[in-house]
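Visitor: structure here, sequence nowhere to be found:
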Ligand SMILES: CSC[C@H]1O[C@H](OP(=O)(O)O)[C@H](O)[C@@H]1O
């Protein structure tokens with residue numbers, strides 16, 4: 001039992017014949033089946049991101065860089081590193097725009113481009129640039145896990161013994177390279193004997209809580225109660241929650257935070273009930289270029305996610321995220337410590353050192 005019993009959501013691998021592959025857990029198949037899928041091309045990775053086969057801000061950040069590494073290794077016929085860089089710059093925007101809200105995706109793509117440009121300046125061959133890109137994806141995977149374990153350590157210190165935590169969506173190991181952000185705090189606190197129970201919102205319409213968080217916590221042996229999103233208010237009113245911990249897809253310079261749709265409502269409820277509301281996220285989720293949450297692009301997804309049967313003449317609104325104002329957030333937990341939302345720019349500087 002424990003977090004080590006969880007699969008790695010994304011890893012580099014070699015397909016039959018030795019070609020570079022990115023091996024992902026196909027999260028659309030959970031909780032019924034744990035299915036791994038080898039992604040071999042840039043287009044396949046874009047499709048995996050758009051269909052939520054791979055999902056979660058940090059995980060799609062790694063996937064964005066991996067998309068370029070797959071192109072360089074398996075698709076490009078460039079005869080020079082300069083030509084390869086030019087090709088990568090051409091496809092980069094199609095990867096970054098696969099999902100607009102999580103800043104991690106654009107961050108991962110830009111990191112891969114920088115890696116390729118720097119290598120090309122060293123006059124290495126296109127083949128060697130491809131190898132360096134794959135190596136940097138592996139480094140991102142390792143860095144993300146380390147960041148999540150640090151987030152877990154700092155976040156666990158905020159919780160007392162016997163804590164009952166409410167979480168939303170899945171900000172677990174599946175949503176990252178490994179260990180998770182919000183659930184990383186849970187796993188660290190659980191190892192310290194601090195977690196009595198986790199209440200997991202099912203998180204309509206896609207059900208990341210019911211399908212993924214409940215599956216993770218069950219597999220890790222963490223006591224979990226699955227609730228409908230509409231039950232969160234009553235559970236808080238009944239005094240069953242000591243803290244709310246969620247992930248993030250983009251955190252602005254003033255601390256406003258985009259996360260899965262329904263997060264904002266939880267923050268309002270937590271404030272009403274005097275319950276601390278924590279956001280857990282790595283530096284790759286910070287976007288200091290945006291001054292406030294109104295600037296965050298919110299992805300709208302297919303109406304069929306809300307219901308397979310939409311009555312004629314009825315429209316559907318399906319935003320995948322909402323924005324929680326900084327004033328409703330108690331603290332933001334990063335790999336460099338716990339920060340007040342108003343001090344998140346300090347966190348960005350600390351994480352960049
Ligand atoms: C640590 S994952 C962050 C964030 O990403 C998830 O969105 P999605 O399932 O659509 O990829 C959710 O908002 C998580 O909180």
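Guide: Noted; the coordinates are in hand. This one's a predicted model, so the numbers in the text were calculated from it and none came from an experiment. Numbers count the residues shown, from 1 in each chain.

Visitor: give me the buried positions along the longest helix anywhere in the chain.
Guide: Counting residues, the longest helix found in the chain (DSSP state H) is helix 126-156. For helix 126-156, the neighbour count (16 or more other C-beta atoms under 10 Å) marks 126, 129-134, 136-137, 140-141, 143-145, 147-156 as buried. Glycine gets a C-beta too; all of them are placed from N, C-alpha and C.

Visitor: show me what from the stretch 151-300 of the chain comes close to the ligand.
Guide: Residues of the stretch 151-300 of the chain lying close to the ligand by C-beta under 6 Å from any ligand atom are 169, 171, 175-176, 181, 208, 246-249, 259-260.

Visitor: of those, select the buried ones using a PyMOL command.
Guide: In PyMOL, a selection of the buried entries from those looks like this (16+ other C-beta under 10 Å):
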select buried, resi 169+171+175+176+181+208+246+247+248+249+259+260
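
Visitor: list just the nearest of the residues of the stretch 151-300 of the chain next to the ligand to residue 108.
Guide: Taking C-beta to C-beta as the measure, residue 176 is the one of those closest to residue 108, at 12.3 Å.

Visitor: inside helices: which ones of the residues of the stretch 151-300 of the chain next to the ligand?
Guide: residue 208.

Visitor: looking at the residues of the stretch 151-300 of the chain next to the ligand, which one is closest to residue 103?
Guide: Among those, residue 249 lies closest to residue 103 (C-beta to C-beta), at 7.2 Å.

Visitor: I'd like the distance from residue 160 to residue 172, if you could.
Guide: When distance is defined by C-beta to C-beta, to the nearest Å, residue 160 is 22 Å away from residue 172.

Visitor: apologies, that question was intended for residue 333.
Guide: For residue 333, the distance to residue 172 equals 15 Å [C-beta to C-beta].

Visitor: the two: which is more packed in?
Guide: Remark: of residue 333 and residue 172, residue 172 carries more neighbours, 32 against 28, as counted by other C-beta atoms under 10 Å.

Visitor: that one: what's it in contact with?
Guide: 6, 56, 180, 182-184, 212-213, 216-217 (C-beta atoms under 8 Å, 6 or more residues apart in numbering).
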